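A.B. asks: kindly generate the corresponding structure for this input.
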Amino acid sequence: MIGCNRGRWIGLMLATLLGVGGCATYADLPLGSGAGVTGVARLSAPTSEMPLPAWSTHRFDPADGLDATEVAMLAVANSPQLRLKRDELGIARAQAFAAGLLPDPQLSVSADVPRRSGAGLVTAYSLGLSEDIGALLTRSSRRAAARDQASQVNLDLLWAEWQTVAQARLLFDQVLNLRAQRGRLEREQQALATVGTYIRAALDAGNLTYDSASAGLNAEADVHKRLADTAVALHQVEGDLHQLLGLAPTAKLDLAGAPYLNQPTPSQVQAALDDLPRRRPDLLALQAGYQSQQAKLRSAILAQFPALNIGFNTARDTSAVYTNGLSIGITLPLFDRNRGNIAIERATRQQLHDDYAVRVLATRSDMQRITRDLATLDGQLATLTAHSQQLDQARASAERAWQAGSLDWPTYLAIRTNALSADLDLLTVQQERARQSIALEALLGNTDLVAAHPDAAKASTP
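C.D. replies: This is a model prediction of the structure:
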């Protein structure tokens with residue numbers, strides 16, 4: 001009997017040592033320089049890893065410039081902010097793994113050595129093994145909460161990827177639009193240089209006063225200022241695009257092709273509104289977060305019951321008497337009873353419930369507003385396009401008359417100023433229309449993007 005007990009506990013100790021031997025080890029992870037990638041050629045966008053199935057067939061070749069789709073693909077693959085989101089997903093999955101682990105049993109060992117020797121006296125010992133039963137009771141709820149939390153983070157990543165796609169398309173359009181504005185202003189500056197030379201020559205000859213020449217001088221100065229303001233705005237947008245793609249500020253970025261164009265029909269918008277809670281990744285993420293909180297509340301309610309710890313022990317006293325025993329530890333639910341945690345989890349659930357309702361309402365309102373704005377901008381674009389074409393024809397006619405000497409310079413400058421304002425207004429409205437269109441598509445959510453994501457399909461199932 002003595003040998004059996006001793007062999008059993010020796011085996012238990014060996015199992016414990018073997019478990020400790022499988023512990024994780026530490027490895028250093030040095031910090032990077034944060035300099036960014038110095039060239040687009042060094043970046044990659046694996047089509048097999050793209051969130052949109054349609055991109056798998058798109059040819060990715062930075063050598064001939066980046067079109068709107070290639071910029072969006074690079075943003076999804078290399079955005080530093082998305083890298084952080086993916087790190088958060090790794091943490092959430094690790095937490096889900098930790099929540100599913102069984103609590104380790106507790107092993108206790110003690111020994112009593114007699115202070116005086118005598119016949120029949122031996123060293124006493126006690127060995128015990130116990131387990132927290134309460135942790136086992138709440139394990140399923142904790143696992144469910146952690147799984148739903150990981151699903152929420154995964155859906156948040158999906159939504160962040162779609163927002164990154166929208167941001168890449170918007171920045172692509174803004175860069176092209178500002179470059180077009182810069183080109184238009186540079187052409188205007190070159191045309192006004194001839195008029196400015198004429199005005200300054202007339203001033204030097206005394207044929208023109210400064211009061212009379214102020215309109216021409218101010219027109220030239222105004223174009224110079226607009227060109228500088230456009231250059232500053234272009235630097236900002238190009239810097240934002242470099243940062244989105246994870247590029248160094250000095251990396252060359254060649255853009256090619258037309259801006260991204262999307263025009264959802266009213267029926268598509270209405271269908272998206274009707275199906276909004278089952279297709280928008282951020283709403284699906286809120287649903288998963290709410291389910292996680294439901295599980296946390298259930299776990300807190302289960303934890304209000306008395307904590308129970310059960311153990312078994314074997315002992316030998318100094319007289320060499322062997323005993324086996326059972327120990328039970330129970331928390332008396334007199335004061336705490338986990339009421340504080342239950343109240344916190346219940347209030348948190350209510351907050352998430354209301355947050356979801358607010359998000360859905362805000363999304364529906366934004367979609368309706370943007371739809372109306374797009375209709376207004378379409379009408380404004382048609383008017384401005386016709387107006388700009390008419391003034392461009394007038395400018396070309398005035399330029400020929402000015403060169404022929406049959407038109408005075410104040411009239412010529414007035415016609416050029418009006419034509420420039422119309423062209424810049426048209427470019428501004430085109431950019432605003434593109435911004436609203438991209439924003440609407442982001443609010444609608446992409447069907448292919450959601451359908452291809454397993455957590456989205458799971459969360460959208462009633």
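A.B. asks: check the offset of the helix or strand where A228 lies from the chain's centre.
C.D. replies: Using DSSP states H and E, A228 falls within helix 210-245. The chain centroid and the centroid of helix 210-245 are separated by 33 Å, computed with CA atoms, centre = their mean, to the nearest Å.
A.B. asks: can you check stretch 343-356 too?
C.D. replies: That offset, for stretch 343-356, works out to 24 Å (CA atoms, centre = their mean).
A.B. asks: list the buried residues of that stretch.
C.D. replies: 345, 349, 352, 356 (16 or more other CB atoms under 10 Å). For glycine as for every other residue, the C-beta is placed from the backbone atoms N, C-alpha and C.
A.B. asks: which of the helices or strands spans the nearest residue to the third one once chain neighbours are set aside?
C.D. replies: With CB to CB, 6 or more residues apart in numbering as the measure, Y290 is the residue that lies nearest to L352, at 4.9 Å, once sequence neighbours are left out. Assigning secondary structure by DSSP H and E places Y290 in helix 281-302.
A.B. asks: before we move on, the earlier item: most widely separated two among the buried residues of stretch 343-356?
C.D. replies: Using CB to CB, the two most remote members of these are E345 and Y356, lying 16.7 Å apart.
A.B. asks: next structured bit after the helix holding Y290?
C.D. replies: Moving toward the C-terminus from helix 281-302, the next helix or strand (DSSP H and E) is strand 308-316.
A.B. asks: run through who's touching that next one.
C.D. replies: 5, 9, 106, 108, 122, 124-134, 322-331 (CB atoms under 8 Å, 6 or more residues apart in numbering).
A.B. asks: redo that, cut-off 7 Å
C.D. replies: Applying CB atoms under 7 Å, 6 or more residues apart in numbering, the contact partners of strand 308-316 are 5, 124-134, 322-330.
A.B. asks: quick one, which of those are buried?
C.D. replies: Buried among the contacts of strand 308-316 (16+ other CB under 10 Å): 124, 126-134.
A.B. asks: please identify which of the buried residues of stretch 343-356 is nearest to W409.
C.D. replies: For the buried residues of stretch 343-356, the nearest to W409 is Y356 (64.4 Å; CB to CB).
A.B. asks: that closest one touches A288, doesn't it?
C.D. replies: No: counting by CB atoms under 7 Å, Y356 stays clear of A288, with 10.8 Å between them.
A.B. asks: before we move on, the earlier item: nearest to A72 among the buried residues of stretch 343-356?
C.D. replies: When these are compared against A72 (criterion: CB to CB), the nearest one is Y356, at 28.6 Å.
A.B. asks: got the contact list for that closest one?
C.D. replies: Neighbour list for Y356: 286, 290 [criterion: CB under 7 Å, 6+ apart].
A.B. asks: chain neighbours aside, what residue packs nearest to L241?
C.D. replies: The shortest distance from L241 to any non-neighbouring residue, by CB to CB, 6+ apart, is to L171 (4.4 Å).
A.B. asks: the one you found and W162: what is the separation?
C.D. replies: 15 Å (CB to CB, to the nearest Å).
A.B. asks: and if you look at Q149?
C.D. replies: Distance from Q149 to W162, by CB to CB: 21 Å.
A.B. asks: do the same with T230
C.D. replies: For T230, the distance to W162 equals 30 Å [CB to CB].
A.B. asks: average model confidence for the helix holding Y290?
C.D. replies: Mean pLDDT, computed over helix 281-302, is 91.
A.B. asks: repeat that for stretch 72-86.
C.D. replies: Stretch 72-86 comes out with an average pLDDT of 87.
A.B. asks: and it, how far from the chain's centre?
C.D. replies: Put simply, stretch 72-86 sits 8 Å off its chain's centre (CA atoms, centre = their mean).
A.B. asks: quick one, the host helix or strand of I370 and helix 281-302 angle?
C.D. replies: Assigned by DSSP H and E, I370 belongs to helix 339-404. Relative orientation of helix 339-404 versus helix 281-302 (axes from the mean of the first three to the mean of the last three CA atoms, to 10 degrees): 170 degrees.
A.B. asks: can you list the low-confidence ranges for the stretch 301-450 of the chain?
C.D. replies: For the stretch 301-450 of the chain, the stretches with pLDDT under 70 are 445-450.
A.B. asks: again, only using 90
C.D. replies: Counting by pLDDT under 90, the ranges of the stretch 301-450 of the chain that qualify are 302-323, 325-339, 363-364, 366-368, 371, 399, 402-414, 416, 437-450.
A.B. asks: contact partners for L129?
C.D. replies: By CB under 7 Å, 6+ apart, the neighbours of L129 are 105, 107, 311-312.
A.B. asks: next one: V237
C.D. replies: By CB under 7 Å, 6+ apart, the contact set of V237 is 171, 174-175, 178.
A.B. asks: and those residues as CSV, adding secondary structure, distance to Q268 and pLDDT?
C.D. replies: Conversion of the contacts of V237 to CSV gives the following (DSSP: H, G, I helix; E, B strand; the rest coil; distance: CB to CB, whole Å; pLDDT from 0 to 100):
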residue, secondary structure, distance to Q268, pLDDT
L171, helix, 25, 94
Q174, helix, 25, 94
V175, helix, 28, 94
L178, helix, 30, 95
